[in-house]
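1. I'll drop the sequence and a predicted model, then ask my questions.
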Amino acid sequence: MARYKQYEGYQMTRSKKLSVNSDSVVAFMPIKPIYAAKLIKGEKKYEFRKTAIRSDLSHIIIYATSPVKKIIGIAEIKGIQESSPTATWDMTKHAAGISRKLFREYFQGKKTAYAIQIKKVYPFNRVVDPSEIENGFKIPQSFSYVDTAFFRKVLMKGQR
């Protein structure tokens with residue numbers, strides 16, 4: 001359990017605000033552990049993607065990639081910004097949680113950048129293995145949309 005220490009101390013509080021309905025759009029999003037930890041700590045207010053994501057996205061399930069390989073929390077989304085990488089950096093650099101150099105490397109050769117603005121993060125009381133939610137669940141490369149039943153199972157397991 002030692003490798004999860006970076007997520008300790010950010011306990012999730014049960015909240016009626018953290019819920020989904022039939023209109024909610026939820027994405028399961030793999031994020032490198034260093035950036036996932038920054039999201040949990042509130043040091044990173046934007047998550048970036050090279051591929052288009054729905055503008056009505058309401059929540060992301062935060063999955064810390066290897067070596068953690070666990071779901072560590074959920075984030076409510078404030079909005080999605082779509083622009084050139086340069087314009088995106090100018091709008092988000094104050095809370096990007098990433099250096100300009102790494103940002104530029106990530107978007108090298110791309111004409112469009114997608115910035116997901118985080119409204120609030122709900123860290124989990126315990127990390128969750130995706131196989132606890134759905135047997136054989138395949139971790140997506142960038143993100144995948146999941147249904148509200150999946151979201152509710154993740155929330156229930158993470159609040160324990």
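-> Perfect, thanks for sending it.
2. mind listing the helices for this structure?
-> Along the chain, the segments classed as helices by DSSP state H run 33-41, 85-92, 100-106, 130-133, 148-158.
3. do you know which of those helices lies nearest residue 113?
-> helix 85-92 (3.9 Å; Cβ to Cβ). Glycine gets a C-beta too; all of them are placed from N, C-alpha and C.
4. average model confidence for the closest one?
-> Helix 85-92 shows a mean pLDDT of 98 in the predicted model.
5. from the chain's centre, how far out does that helix sit?
-> Mean C-alpha position of helix 85-92 versus that of the full chain (Cα atoms, centre = their mean, to the nearest Å) differs by 19 Å.
6. who does it touch, helix- and strand-wise?
-> In terms of contacts (3 or more Cβ pairs under 8 Å, 6 or more residues apart in numbering; DSSP states H and E), helix 85-92 is packed against strand 46-49, strand 70-83, helix 100-106, strand 113-128.
7. Packed most tightly, which of the ones you listed would that be?
-> Among these, strand 46-49 has the highest mean neighbour count (mean count of other Cβ atoms under 10 Å), at a mean of 22.
8. list the helices and strands it packs on?
-> helix 85-92, strand 113-128.
9. Let me have these in TSV, adding distance to residue 47 as columns.
-> As requested, the helices and strands packed on strand 46-49 are exported to TSV (distance: least, Cβ to Cβ, whole Å):
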stretch	distance to residue 47
helix 85-92	10
strand 113-128	4
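10. Tell me which of the ones you listed lies nearest to residue 57.
-> strand 113-128 (6.8 Å).
11. Using neighbour counts, pick out the buried residues of the lowest-mean-pLDDT helix or strand in the chain.
-> Counting by mean pLDDT, DSSP states H and E, the chain has its least confident helix or strand at helix 148-158, which shows a mean of 93. Buried residues in helix 148-158, counted by 16 or more other Cβ atoms under 10 Å: 148, 150, 151, 153, 154, 155, 157, 158.
12. Just the CA coordinates for that helix, please, in PDB.
-> Provided in PDB are the C-alpha atoms of helix 148-158 (Å, rounded to 0.1, in the frame of the first residue of the first chain):
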ATOM      1  CA  THR A 148     -24.000   6.000 -15.100                       C
ATOM      2  CA  ALA A 149     -24.200   2.500 -13.600                       C
ATOM      3  CA  PHE A 150     -20.400   2.100 -14.000                       C
ATOM      4  CA  PHE A 151     -20.000   5.600 -12.400                       C
ATOM      5  CA  ARG A 152     -22.200   4.700  -9.400                       C
ATOM      6  CA  LYS A 153     -20.300   1.400  -8.800                       C
ATOM      7  CA  VAL A 154     -17.000   3.300  -8.900                       C
ATOM      8  CA  LEU A 155     -18.400   5.900  -6.400                       C
ATOM      9  CA  MET A 156     -19.700   3.300  -4.100                       C
ATOM     10  CA  LYS A 157     -16.400   1.300  -4.000                       C
ATOM     11  CA  GLY A 158     -14.300   4.500  -3.600                       C
END
